[in-house]
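[1] need a structure here:
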Amino acid sequence: MTQSENKPASESSLSQLTRWAQLGWVRCLALILVGTGVHLPALTGQLLWDDISLVNDNRLIRSPVLILEAFRHYLFPDAYDGHYRPIQTVSYIFDYFFWNKDPSGYHLSNILYHVLSGVLLYYLLRRILAALVEHWQDKILVRGRIDAATAAFFLALVWIVHPVHSAAVDYISGRADSLAFLFAAAAWLLYFRARDLSAPWTRRGLYALAIVSALFSLCSRESGLLWLLLFLLYMFAFDRKPVLRTKLLILGTCVALVSVYAGLRQLPMHHAEDQVSAGWTPAMRGILMLRALGDYGRLIIFPSQLHVERSVLESATAQGHANWRIALAAESLTFTGVVTSPGRVVERGWPANALVRRQLVLPDLFAHLESFRSQCHGR
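    The predicted structure follows:
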């Protein structure tokens, strides 16, 4: 057989392989295999720090009968904590039912939630990117044909293996991030699916499921509010299909949904005000916010030095009224990951990876920092 005869055969195999790689289920399988393989070592992890309180010592997770009771308590029932995350507690109830207190089962659930979130992200990006390309097809910034599905796949692949998600997957207590996005993406996709259908009862059913899924996202973590805002931004800025009346109806539904969520947050018994953070000034809170955002901004761009050992206690520059502007300017540079403020307090007794343990977003940032500060003084 000559070389010219081998060439068409090799080109045929390559084209067939390319067609296979473009299939949606093949890409989903690749995301599942890669995501599971990357995070598989977490199965050998033990209960650490907050994991002990949420799994080993948590009485609310020991029976499915307590599912509704979880909505009447904060995440940490026996300690000061402003985190209202009943869906996270419910997920522990199912884990306890199947695995009792075996950490491997809880870690397996974490991996499952993260991998499923990556798959839903792929389908969501495929839909959104296609709409954005259509929106900007007459702009000079978009040249030539853009394969939205391929772009969505590689973005989801990077997202699913990025080290910044290690806290959300490797720590049992960090699964709130995965749960919030999982339900938010599911709600978004359910809305898209319902909008494409013509059968009225099926559409209404899917719309109802989308609303419930969005509420579960809010009840998983406070960052669900961010995904709701992004949905509204896309709806009003880029989505051309719904008319203005429909968009206003969707906005009203989202407002009602947030109102229901705010009502659920009133169910737990209110704890006494945290005396540690009661005297914090707005300047101190702003500096702490920029400090945490700076760390995570750097980690997203360049994920190194994941062994941070310091507390979130303010330095003297954050406490004096005359010097807070200087500290705020220094911390604002940290937001871009450029420099590190020299005024941070290093505490040898603070556990390694204190801030990198969790994936932070702005809506939950202050509550998270206050919780860390409270724990730091309590130990």
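[2] residue 93: neighbour count?
    Residues near residue 93, counting by other CB atoms under 10 Å, number 19. Bear in mind the C-beta positions are built from the backbone N, C-alpha and C, glycine included.
[3] for residue 104, same thing?
    For residue 104, the count of nearby residues is 13 (other CB under 10 Å).
[4] how about the closest residue in space to residue 211 that isn't next to it in sequence, phi and psi?
    Using CB to CB, 6 or more residues apart in numbering and skipping residues adjacent in sequence, the residue nearest residue 211 is residue 257, 6.3 Å away. Backbone geometry at residue 257, expressed as degrees, to the nearest 10, gives phi -60, psi -40.
[5] ok, residue 257 to residue 245 distance?
    19 Å (CB to CB, to the nearest Å).
[6] who has more neighbours out of these two?
    Set side by side, residue 257 and residue 245 show more neighbours around residue 257, with 19 against 8, by other CB under 10 Å.
[7] show the contacting residues for the more buried one.
    Taking CB atoms under 8 Å, 6 or more residues apart in numbering as the criterion, residue 257 is in contact with 211, 214, 215, 218, 228.
[8] let's go with 7 Å and repeat that
    Shown in contact with residue 257 (CB atoms under 7 Å, 6 or more residues apart in numbering): 211, 214, 215.
[9] show residues contacting the helix or strand where residue 32 lies.
    Residue 32 belongs to helix 24-39 when assigned by DSSP states H and E. For helix 24-39, contacts defined as CB under 7 Å, 6+ apart pick out 20, 111, 114-115, 118-119, 122, 153, 156-157, 160-161, 169.
[10] where helices are concerned, which of those count?
    With helices taken from DSSP state H, the overlap with those comprises 20, 111, 114-115, 118-119, 122, 153, 156-157, 160-161, 169.
[11] with neighbour count, distance to residue 207 and pLDDT as extra columns, can I get these in a markdown table?
    As requested, the ones in helices among the contacts of helix 24-39 are exported to a markdown table (neighbours: other CB atoms under 10 Å; distance: CB to CB, whole Å; pLDDT from 0 to 100):
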| residue | neighbour count | distance to residue 207 | pLDDT |
| --- | --- | --- | --- |
| 20 | 9 | 35 | 68 |
| 111 | 21 | 31 | 93 |
| 114 | 27 | 27 | 94 |
| 115 | 23 | 27 | 94 |
| 118 | 26 | 25 | 93 |
| 119 | 19 | 22 | 94 |
| 122 | 25 | 23 | 94 |
| 153 | 22 | 28 | 90 |
| 156 | 25 | 25 | 92 |
| 157 | 18 | 31 | 92 |
| 160 | 23 | 29 | 91 |
| 161 | 15 | 34 | 90 |
| 169 | 25 | 31 | 87 |
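[12] ok, of those residues, which one's closest to residue 293?
    Closest to residue 293 out of the ones in helices among the contacts of helix 24-39 is residue 169 (21.2 Å), distances taken as CB to CB.
[13] how about the contacts made by the closest one?
    Residue 169 makes contact with 39, 42, 110, 111, 114, according to CB under 7 Å, 6+ apart.
[14] and those residues as CSV, adding distance to residue 234?
    Listed next are the contacts of residue 169 as CSV, based on distance: CB to CB, whole Å:
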residue, distance to residue 234
39, 29
42, 33
110, 28
111, 29
114, 23
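[15] biggest separation within those residues, which pair?
    Pairwise distances across the contacts of residue 169 peak at 9.8 Å for 42 and 114 (criterion: CB to CB).
[16] can you list the domain ranges for this protein.
    The chain breaks down into these domains under automatic domain parsing: 42-264, 282-378.
[17] in terms of mean pLDDT, which of the ones you listed ranks lowest?
    Among these, domain 282-378 has the lowest mean pLDDT, at a mean of 49.
[18] out of the contacts of residue 257, who has the most neighbours?
    Counting neighbours by other CB under 10 Å, residue 214 leads these with 26 neighbours.
[19] so how far is residue 34 from residue 176?
    Distance from residue 176 to residue 34, counting by CB to CB: 23 Å.
[20] the more surrounded of those two?
    More neighbours surround residue 176 than the other of residue 176 and residue 34, with 25 against 15 (other CB under 10 Å).
[21] correct me, but the more buried one touches residue 218?
    No. Applying CB atoms under 7 Å as the test, residue 176 and residue 218 come out as separate, 11.3 Å apart.
[22] contacts only, for residue 104.
    By CB under 7 Å, 6+ apart, residue 104 lies in contact with residue 43.
[23] need the residues that contact stretch 42-55.
    Around stretch 42-55, the neighbours that count as contacts under CB under 7 Å, 6+ apart are 56, 76, 92, 101, 103-104, 106-108, 110-111, 169-173, 351.
[24] give me the contact list for stretch 177-186.
    Contacts of stretch 177-186 (CB under 7 Å, 6+ apart): 87-88, 91, 110, 113-114, 116-117, 120-121, 124, 168, 213-214, 216-217, 220-221, 223-224, 227, 359.
[25] to clarify, my last question referred to stretch 191-208.
    Contacts to stretch 191-208, defined as CB under 7 Å, 6+ apart, come from residues 127, 190, 210.
[26] could you redo the last one with a cut-off of 8 Å?
    127, 190, 210, 241, 242.
[27] export the residues you listed to a markdown table and tack on distance to residue 267, neighbour count and secondary structure?
    Below are the contacts of stretch 191-208 laid out as a markdown table (distance: CB to CB, whole Å; neighbours: other CB atoms under 10 Å; DSSP: H, G, I helix; E, B strand; the rest coil):
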| residue | distance to residue 267 | neighbour count | secondary structure |
| --- | --- | --- | --- |
| 127 | 35 | 17 | helix |
| 190 | 26 | 20 | helix |
| 210 | 24 | 22 | helix |
| 241 | 37 | 11 | coil |
| 242 | 34 | 14 | coil |
